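**Q** Please find the sequence and the predicted model below.
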Amino acid sequence: MSYIPEKTIYLCLAHMSEDGIEQKYVKEAFDTNWVVPLGPNVNAFEKDLETFIGQGRHIVALSSGTAAIHLGLLQLGIGPGDEVICQSFTFSASANPITYLGGTPDFVDSEEETWNMSPQFLEQAIHDRKAKTGKYPKAIIPVHLYGMPAKLDEICAIAEKYNIPICEDAAEAIGSEYKGQKCGTFGEFGALGALSFNGNKMITTSGGGALICRTEEEAKRTIFYATQAREDRPYYYHKHIGYNYRLSNICAGIGRGQMTVLEQYIARRRAIHTLYSENFADTEGIHVKQNPSSEYDSNFWLTCIEVDAKKCNNKTANDIRIHLEQENIESRLLWRPMHMQPIFSRNAYYGNKIAETIFERGLCLPSGPSLTDEQILEVVSSIKKFIR
């Protein structure tokens with residue numbers, strides 16, 4: 001087995017607060033024997049998230065972002081035989097929960113400004129599915145990729161036009177805003193939003209997620225299904241299939257501590273993105289992904305670049321990734337679109353290969369909040385030397 005040196009500049013590591021308040025809340029859980037799902041940390045974490053997200057939304061803390069999408073779709077009534085329109089350019093966790101419920105994902109291409117769901121192809125997909133199946137898709141899952149808000153005005157208008165509810169995948173976008181409103185809170189017709197607190201996200205609970213609900217009733221139903229759908233009786237009684245999806249009190253303790261530095265981490269990611277943008281500004285062939293306009297305010301969870309190989313001595317994004325790895329710098333290719341995945345290769349797809357082109361040209365650069373300016377400049381210097 002060949003030796004792989006330890007990377008010194010990571011893509012995105014979990015980072016705890018400087019005062020270690022996460023350990024305080026976790027210790028409290030141990031000291032009071034609240035080491036199971038539910039408990040004071042869970043309740044407080046949900047309240048902190050509700051305050052941060054705003055819009056009068058209700059938050060349910062869950063075991064993962066995937067669980068949040070699953071229960072969001074369940075709330076929207078997705079079942080066997082239903083079709084759900086899903087952004088193709090995303091991680092598989094956006095699409096897999098559709099299949100958990102017996103539904104079928106229909107994939108829609110991206111547009112180039114945000115890299116997210118194309119409103120044009122979305123409406124095309126809705127018309128075509130109605131023509132082919134006699135009914136409209138049951139839900140729409142737009143994704144805010146790498147923290148960049150989707151074209152929410154257009155997507156929500158189309159959803160309302162056809163009475164199709166939205167489940168926003170905001171797993172990568174906590175703190176991102178569109179027109180001053182937090183991602184995960186858009187749409188009024190059956191709208192829900194999913195967050196992720198996986199180890200590499202903006203904040204972490206080790207593993208975890210949350211569902212953003214419009215009403216208290218939706219939140220109560222989410223909790224019901226997330227706790228094995230146990231009916232309110234003095235004995236175990238079940239009329240529905242349930243799931244074991246609630247966040248543990250220990251993990252929620254980490255989340256409570258992380259909420260104290262969330263704004264700081266968002267500011268740092270944006271500062272890192274600015275540093276990359278300024279230092280690649282004079283580099284032909286390297287384009288740093290930007291907010292399309294002042295209406296968009298990405299958290300820049302990961303700073304991404306597009307590589308024009310013809311202007312970079314025929315060096316591709318993957319060539320740069322391999323080079324950086326040899327320099328002990330971790331980077332990552334973009335998500336491979338879902339319609340290109342073997343498991344979904346037979347599913348309906350609507351688009352013009354825009355996401356495929358972006359996938360071939362794109363690369364995620366180190367963006368964690370613990371990275372120093374000097375490390376960011378080292379990444380820039382390494383790429384510039386390689387392509388020249």
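**A** Nice, thanks for sending it over. Residues are numbered from 1 along each chain as shown.
**Q** Kindly tell me how buried S17 is, as a neighbour count.
**A** 19 (other CB atoms under 10 Å). (Glycine included, C-beta is placed from N, CA and C.)
**Q** Can you tell me how far it is from Y265?
**A** Counting by CB to CB, to the nearest Å, the gap from S17 to Y265 is 9 Å.
**Q** Now do the contacts for the nearest residue to E112 once chain neighbours are set aside.
**A** Closest residue to E112 apart from its sequence neighbours, by CB to CB, 6 or more residues apart in numbering: I354 at 6.1 Å. By CB atoms under 8 Å, 6 or more residues apart in numbering, I354 lies in contact with D109, S110, E111, E112, S118.
**Q** Farthest-apart pair in those, please.
**A** Distance extremes for the contacts of I354: the farthest pair is D109 and E112 at 10.2 Å, using CB to CB.
**Q** Please identify which of these two sits among more neighbours.
**A** D109 (25 against 12).
**Q** ok now do the more buried one, which residues does it touch?
**A** S88, F89, S118, F121, Y349, Y350, G351, N352, K353, I354, A355.
**Q** Just name the closest of the residues you listed to G253, please.
**A** F89 (34.6 Å).
**Q** What degree of burial does the closest one show, as a neighbour count?
**A** F89 has 29 nearby residues by other CB under 10 Å.
**Q** cool, and the one 3 residues further on?
**A** Using other CB under 10 Å, S92 has 14 neighbouring residues.
**Q** OK, contacts around it?
**A** M338, Q341.
**Q** just G187 next, same as before
**A** G187 neighbours (CB under 8 Å, 6+ apart): C156, A159, E160, P165, I166, E168.
**Q** so what pLDDT did it get?
**A** G187 is assigned 77 on the pLDDT scale.
**Q** you'd agree it is in a helix?
**A** No - counting by DSSP: H, G, I helix; E, B strand; the rest coil, G187 is not found in a helix; it is coil.
**Q** Can you tell me how far it is from A194?
**A** In this view, G187 and A194 are 13 Å apart by CB to CB.
**Q** next one: F386
**A** 37 Å.
**Q** Then L377?
**A** For L377 relative to A194 (CB to CB), the value is 35 Å.
**Q** now swap in K315 and tell me
**A** Applying CB to CB to K315 and A194 gives a distance of 36 Å.
**Q** Please say which of these two ends up with more neighbours.
**A** A194 (31 against 19).
**Q** which SS class is the more buried one?
**A** Put simply, A194 is strand when judged by three-state DSSP.
**Q** any chance of the contacts of D109 in TSV, with pLDDT too?
**A** Compiled in TSV, these are given as follows (pLDDT from 0 to 100):
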residue	pLDDT
S88	98
F89	98
S118	98
F121	98
Y349	98
Y350	98
G351	98
N352	97
K353	97
I354	98
A355	98
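**Q** and R388, what does it touch?
**A** So R388 contacts N313 (CB under 8 Å, 6+ apart).
**Q** From E284, how far out is it?
**A** From R388 to E284 the distance is 10 Å (CB to CB).
**Q** if we can go back for a sec, now the common contact residues for G187 and A194.
**A** By CB under 8 Å, 6+ apart, the residues touching both G187 and A194 are E168.
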